[in-house]
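> Below are the sequence and a predicted model for it; my questions follow.
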Amino acid sequence: MLSSRVHKISAGVACLVAAFAGATVSTAADADSTGAPTYKEFEASTYVDVDGAYVVNGDEAISTKGDLKKFYERLVGPESSPVDGLIVNTVNGVDDKWSASQVANLTYCVSTKFGTRHDDIVAAMSAGAGLWEAASSKIDFVYVPAQDGKCTTRNNSILFSVEPVATTQYIARAFFPSTPKRQRNVLVDDSIWTSGTWEPGDILGHELGHTLGFRHEHTRPEAGTCFEDNNWRPLTPYDSSSIMHYPQCNGGSADLEFQASDAAGARALYGS
Ligand SMILES: [Zn+2]
């Protein structure tokens, strides 16, 4: 059970990364005799971002070695009972979400380091944020252009920063509400402009879904592939076309598009 479960995780990560960026990923993670990677092997095979964050599950950041160890222990630990039925991340069994006052004021800047693409990123962020804001009147992403010139995780005038990155590992990556401030950024690679049928606003809509606490829909057992872990709680019935479901993971649609189920999940977590 352990080895097949870990193998599925490794395959899941590889499939996201491959489909997302055309990159290959080390298979060292499932190379030892039991099939389960040791923590050292797992850490060695995990991509480390420009700012020192570990990237897991394709586009999710983990800040510290201690948190990576906890993530690993949840992966290889006893499987909790599978649950059926958008899904919210849980930390020690508790929903990973913003308070009512914070979700009504999710402030962000867009780094001037995007250069000639700055205004395009501003527009794509607005489109992505608008998907969730239209679903729930409780959710409000607030763009603060005055902070764009010093738009980093160290800027305490905003909740999170949107910054450029150059990587072959992903198109964009985000964080969860429980992520500490020093790692709370959305990083965007130039490949966002050349991602086929995926609209930049939808890609950032997916990333902003993570920032609200939503996990990849394809980790649910119904997807049959790309399993990540069981640290989540269902908010709606499974939807293979959810904006949080990678199309390449047995998705019901080739496009990353916002669905009625995503809106229902956002209302279930934060209210209408
Ligand atoms: Zn994602």
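Yep, it's here. All of these numbers come straight from a predicted model, not from anything done at the bench.
> now residue 125, what's its secondary structure?
Each residue gets one of three states, and residue 125 gets helix by DSSP: H, G, I helix; E, B strand; the rest coil.
> quick one: low-confidence parts of the protein?
Low-confidence segments of the chain, defined by pLDDT under 70: 1-36, 75-85.
> Can you identify each of the strands in it by residue range?
In chain order, the chain shows strands spanning 47-48, 54-56, 60-62, 87-91, 94-95, 106-110, 141-143, 160-164, 172-173, 185-188, 232-234, with DSSP state E as the criterion.
> okay, the ones you listed, which one's buried deepest?
Mean neighbour counts were compared across those using mean count of other CB atoms under 10 Å; the top stretch is strand 185-188, at a mean of 27. All C-beta atoms are positioned from the backbone trio N, CA, C, and that covers glycine.
> Which elements pack onto that strand?
Contact partners of strand 185-188 among helices and strands, from 3 or more CB pairs under 8 Å, 6 or more residues apart in numbering; DSSP states H and E: strand 160-164, strand 172-173, helix 200-211.
> As CSV, could you dump the C-alpha coordinates of it?
Output of strand 185-188 as CSV, limited to C-alpha atoms (Å, rounded to 0.1, in the frame of the first residue of the first chain):
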residue,chain,number,x,y,z
ASN,A,185,3.9,35.4,-3.3
VAL,A,186,2.5,34.3,-6.7
LEU,A,187,5.4,33.7,-9.1
VAL,A,188,4.7,33.9,-12.8
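> That strand pairs with which strands, parallel or anti?
The partner list of strand 185-188 in its sheet, established with DSSP bridges, is strand 160-164 (parallel), strand 172-173 (antiparallel).
> can you redo the ones you listed as TSV with distance to residue 52?
As requested, the strands paired with strand 185-188 are arranged in TSV below (distance: least, CB to CB, whole Å):
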stretch	distance to residue 52
strand 160-164	14
strand 172-173	13
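> Of those strands, which is nearest residue 46?
Distances from residue 46 to each of these were compared using CB to CB; the minimum, 13.1 Å, belongs to strand 172-173.
> Tell me how far the nearest residue to residue 124 once chain neighbours are set aside lies from residue 133.
Once its chain neighbours are removed from consideration, residue 124 has its nearest residue in residue 200; the separation is 3.9 Å (CB to CB, 6 or more residues apart in numbering). Computed with CB to CB, to the nearest Å, the distance linking residue 200 and residue 133 is 17 Å.
> try residue 208
10 Å.
> Please apply the same query to residue 269.
For residue 269, the distance to residue 133 under the criterion CB to CB works out to 14 Å.
> Between the two, tell me which one has more neighbours.
For residue 269 against residue 133, the residue with the higher neighbour count under other CB atoms under 10 Å is residue 269, and the figures read 22 against 17.
> Adding distance to residue 111 as columns, could you present the helices and strands packed on strand 185-188 in CSV?
CSV is the format used below for these (distance: least, CB to CB, whole Å):
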stretch, distance to residue 111
strand 160-164, 5
strand 172-173, 13
helix 200-211, 14
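> Out of the ones you listed, which gets nearest to residue 193?
Here helix 200-211 is closest among the helices and strands packed on strand 185-188 (CB to CB), at 6.8 Å.
> circling back: any idea which of the helices and strands packed on strand 185-188 gets closest to residue 232?
helix 200-211 (11.9 Å).
> List of residues touching the closest one?
Residues outside helix 200-211 that contact it (CB atoms under 8 Å, 6 or more residues apart in numbering): 59-60, 86, 106, 120-121, 123-132, 141, 160, 171-177, 186, 188, 192-193, 195, 243-244, 255-258, 262.
> wait, what's in contact with the nearest residue to residue 97 once chain neighbours are set aside?
The shortest distance from residue 97 to any residue that is not its chain neighbour, by CB to CB, 6+ apart, is 4.5 Å, and that residue is residue 213. Residues in contact with residue 213, defined by CB under 8 Å, 6+ apart, are 88, 89, 95, 96, 97, 98, 176, 177, 269.
> what do you get for residue 179?
Taking CB under 8 Å, 6+ apart as the test, what residue 179 contacts is 61, 63.
> Make JSON lines out of the strands of the chain and add distance to residue 72.
Below are these laid out as JSON lines (distance: least, CB to CB, whole Å):
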{"stretch": "strand 47-48", "distance to residue 72": "14"}
{"stretch": "strand 54-56", "distance to residue 72": "9"}
{"stretch": "strand 60-62", "distance to residue 72": "10"}
{"stretch": "strand 87-91", "distance to residue 72": "15"}
{"stretch": "strand 94-95", "distance to residue 72": "20"}
{"stretch": "strand 106-110", "distance to residue 72": "30"}
{"stretch": "strand 141-143", "distance to residue 72": "32"}
{"stretch": "strand 160-164", "distance to residue 72": "26"}
{"stretch": "strand 172-173", "distance to residue 72": "19"}
{"stretch": "strand 185-188", "distance to residue 72": "23"}
{"stretch": "strand 232-234", "distance to residue 72": "17"}
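> Alright, calling it a day.
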